[in-house]
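S.K.: no sequence on hand, only this structure:
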């Protein structure tokens with residue numbers, strides 16, 4: 001992953017559909033919150049005016065951090081509790097890594113952005129078009145965002161994942177390529193329920 005680590009900035013993102021029935025059921029399932037959150041995070045949830053929304057903000061923050069940490073060679077896996085989120089949602093920590101964090105809310109979703117490096121990342125959340133495949137819609141969204149930053153036609157851009165037998169799903173994190181050549185932008189994709197989201201960071205973002 002030497003090409004990934006060479007980026008000026010690294011980014012991870014995650015979107016959660018607050019209206020998705022599976023998410024609502026997961027939050028209500030006994031033990032689910034305990035598996036995801038630390039003791040301090042659970043105390044904060046108990047005092048929150050909307051515990052369910054607050055929980056999914058923490059969950060998204062941990063998922064976003066995970067996507068970034070993988071680019072650093074870490075593998076937290078599903079051990080969400082090992083990623084600690086600051087009470088102000090301004091940072092997250094995993095072992096020796098401290099990552100920047102921002103969380104945005106809308107009526108139907110919550111989105112988390114995890115970043116390492118000096119550049120301010122961009123992100124966008126969009127509704128999943130009817131009958132569209134979430135993965136394809138997310139890639140299209142991200143290529144459109146990158147086209148505006150790089151000043152090149154979106155048709156030249158693609159999102160690629162190289163095989164990596166050591167990773168949990170057999171592939172490296174996504175790379176943004178221009179006519180097959182990796183660009184200087186680091187990217188992250190997420191989709192859940194009715195929404196897709198893309199994020200990018202690096203020189204010019």
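M.R.: Received it, and whenever you're ready, just let me know what you need. All of these numbers come straight from a predicted model, not from anything done at the bench.
S.K.: and residue 65, what does it touch?
M.R.: Counting by C-beta atoms under 8 Å, 6 or more residues apart in numbering, residue 65 makes contact with 12, 76, 83, 92, 94, 99, 101, 114. Every C-beta, even on glycine, is put in place using the N, C-alpha and C of the backbone.
S.K.: and it, what element?
M.R.: In this assignment (DSSP states H and E), residue 65 forms part of helix 51-71.
S.K.: and that helix, what's buried?
M.R.: 54-71 (16 or more other C-beta atoms under 10 Å).
S.K.: helix or strand right after it?
M.R.: Once helix 51-71 ends, the next helix or strand along the chain (criterion: DSSP H and E) is strand 84-85.
S.K.: show the average pLDDT along that next one.
M.R.: Strand 84-85 shows a mean pLDDT of 98.
S.K.: listing partners with orientation, what would you give for it?
M.R.: Paired neighbours of strand 84-85 in the sheet (DSSP bridges): strand 91-94 (antiparallel).
S.K.: chain center to the strand it pairs with, what's the gap?
M.R.: The gap between where strand 91-94 is centred and where its chain is centred comes out at 14 Å by C-alpha atoms, centre = their mean, to the nearest Å.
S.K.: one step back: pLDDT check: weakest of the contacts of residue 65?
M.R.: residue 76 (78).
S.K.: may I see the buried residues of the helix or strand hosting residue 159?
M.R.: Assigned by DSSP H and E, residue 159 falls within strand 157-160. Applying a neighbour-count criterion of 16+ other C-beta under 10 Å, the buried positions in strand 157-160 are 157-159.
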